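Engineer: What shape does this take:
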Amino acid sequence: MRAAPQLLSVDQTAQLEALPKSIHSAHKPQGWWYLGVLAFLVGWLYLPIIGRLAVQWWHDPNFSHGFFVPAFAGFVLWQDRERISKLTVKPSWWGLPVILAGLMMLVLGDLGAELFVSRTSLLVLIAGLVTFLLGWNYLHAVLFPLAFLILMIPIPAIVFNQITFPLQLFASKIASIILPLCGVPVLREGNVIGLPLMQLEVAEACSGIRSLMSLTTLAVIYGYLTESRIWMRVVLAVASLPIAVATNSLRIVGTGLLVQYWDPDKAEGFFHLFSGWLIFVMSLMMLFLFHYLMRRFMPAEMPGAEK
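Structural biologist: Residues are numbered from 1 along each chain as shown. The predicted structure is shown next:
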């Protein structure tokens, strides 16, 4: 004869239900020392890389906008701190391959002296650590500020040169088309514009790459602060590219008119530097105007667009 099952009391049932929680609490690390050790190891690996990156921001005007990128990423995280703190921690082992990929990129970047790869590896490593320790939901929550950090990393020199020279040719071509309409005879050879009083060379610094990258970074920041519609943020970021190229071409035209109708010496020195700032401000105004027109004439929501 089988014995009747023994029923548990209310107190025993409560103890059994609390057992998994007590086991979990027993295995939960006490304090934040393990995060401190992890941060120390990451800092030890990347401090020289970050230091050289900051030096390049300081000395290279093409990438001086890099100082604003981590600051804005930190602002976004701080702004979303309450929403992020409410997420459930669900560590995923899928973060481990991402961590290994980031470390492999660091090793390959150091061995091959490729700064872009070694610098980008930090972002991959952070993504892997967030996924491994906290879960995919946390990675999704911090994906925008993490992806935004890519703008602080200077593009490789080979890619930089492939971009700047076509921009030089484009700016000189546009200027050679507009200047004759203003009564200035032009003879263009590549990126050199021959004017009656002097030759005007569209050098690398005048290619517009500097304003292009800075304006794109500011367009992303501006879109995030003023727009809740993701598709509109993307449109503003993309629109910054032709705006930067067009305004830089106008800068070359203005320099040609300055040489022809005022003083060739004014094409250099203070006026040349001031025109760069003036054109960048004009680029910002054009971006604001484009945004205003989009909000005025485009629908509040695009079909199928995420909000």
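
Engineer: can you pull out the helices in the stretch 151-300 of the chain?
Structural biologist: If you assign secondary structure with DSSP state H, counting those that start in this stretch, the helices in the stretch 151-300 of the chain sit at 157-181, 209-226, 230-261, 270-297.

Engineer: In terms of secondary structure, what does the first one contact?
Structural biologist: Right, the one you point to is helix 157-181. Helix 157-181 makes packing contacts with strand 187-189, strand 192-194, helix 209-226, helix 230-261 when contacts are defined by 3 or more C-beta pairs under 8 Å, 6 or more residues apart in numbering; DSSP states H and E. Any C-beta I mention is one placed from the backbone N, CA and C, and that applies to glycine too.

Engineer: Among those, which comes closest to D110?
Structural biologist: Proximity to D110 (C-beta to C-beta) singles out helix 209-226 among the helices and strands packed on helix 157-181, at 25.3 Å.

Engineer: Next, the buried residues of that closest one.
Structural biologist: Along helix 209-226, the positions that meet the burial threshold by neighbour count (16 or more other C-beta atoms under 10 Å) are 209-224.

Engineer: If we only consider the residues you listed, which is nearest to Q260?
Structural biologist: Closest to Q260 out of the buried residues of helix 209-226 is S211 (23.9 Å), distances taken as C-beta to C-beta.

Engineer: Contacts only, for that closest one.
Structural biologist: Residues near S211 by C-beta atoms under 8 Å, 6 or more residues apart in numbering: 244, 247-248, 276, 279-280, 283.

Engineer: Next up, the contacts around the residue nearest to the spatial centre of the chain.
Structural biologist: In the chain, the centroid-proximal residue (C-alpha atoms, centre = their mean) is L151; its distance is 2.7 Å. Neighbouring residues of L151 by C-beta under 8 Å, 6+ apart: 65-66, 69, 213, 216-217, 220.

Engineer: and the helices and strands packed on helix 157-181 as JSON lines, adding distance to R83 and mean pLDDT?
Structural biologist: Formatted as JSON lines, the helices and strands packed on helix 157-181 follow (distance: least, C-beta to C-beta, whole Å; pLDDT from 0 to 100):
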{"stretch": "strand 187-189", "distance to R83": "55", "mean pLDDT": "82"}
{"stretch": "strand 192-194", "distance to R83": "53", "mean pLDDT": "81"}
{"stretch": "helix 209-226", "distance to R83": "15", "mean pLDDT": "90"}
{"stretch": "helix 230-261", "distance to R83": "16", "mean pLDDT": "87"}
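
Engineer: Could you name the stretch from the ones you listed that's closest to V130?
Structural biologist: Using C-beta to C-beta as the criterion, the shortest distance between V130 and those is 20.0 Å, found for helix 209-226.

Engineer: Extract the CA atoms of the closest one and return them as CSV.
Structural biologist: Extracted in CSV, the C-alpha atoms of helix 209-226 (Å, rounded to 0.1, in the frame of the first residue of the first chain):
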residue,chain,number,x,y,z
ILE,A,209,35.9,67.7,-45.2
ARG,A,210,36.3,69.5,-41.9
SER,A,211,33.0,71.2,-42.1
LEU,A,212,31.4,68.1,-43.4
MET,A,213,32.3,65.9,-40.4
SER,A,214,31.6,68.7,-37.9
LEU,A,215,28.3,69.5,-39.4
THR,A,216,27.2,65.8,-39.6
THR,A,217,28.1,65.4,-35.9
LEU,A,218,26.1,68.6,-35.0
ALA,A,219,23.2,67.4,-37.2
VAL,A,220,23.0,64.1,-35.3
ILE,A,221,23.0,66.1,-32.0
TYR,A,222,20.5,68.6,-33.2
GLY,A,223,18.2,65.9,-34.5
TYR,A,224,18.3,64.0,-31.2
LEU,A,225,17.5,67.1,-29.2
THR,A,226,14.7,68.5,-31.4
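
Engineer: Next, the angle from it to helix 230-261.
Structural biologist: With axes from the mean of the first three to the mean of the last three C-alpha atoms, to 10 degrees as the basis, helix 209-226 and helix 230-261 are set at 140 degrees to each other.

Engineer: Spit out the contact partners of L106.
Structural biologist: Each residue near L106 by C-beta under 8 Å, 6+ apart is listed here: 45-46, 118, 121-122, 125.

Engineer: Do you know the pLDDT at it?
Structural biologist: At L106, the model reports a pLDDT of 92.

Engineer: buried stuff in the helix or strand hosting it?
Structural biologist: In this structure, L106 sits in helix 95-111 according to DSSP states H and E. With burial defined by 16+ other C-beta under 10 Å, the residues of helix 95-111 counted as buried are 95, 98-99, 102, 105-106, 109.

Engineer: can you list these in JSON lines and add distance to S240?
Structural biologist: JSON lines is the format used below for the buried residues of helix 95-111 (distance: C-beta to C-beta, whole Å):
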{"residue": "G95", "distance to S240": "33"}
{"residue": "V98", "distance to S240": "30"}
{"residue": "I99", "distance to S240": "34"}
{"residue": "G102", "distance to S240": "29"}
{"residue": "M105", "distance to S240": "28"}
{"residue": "L106", "distance to S240": "31"}
{"residue": "G109", "distance to S240": "29"}
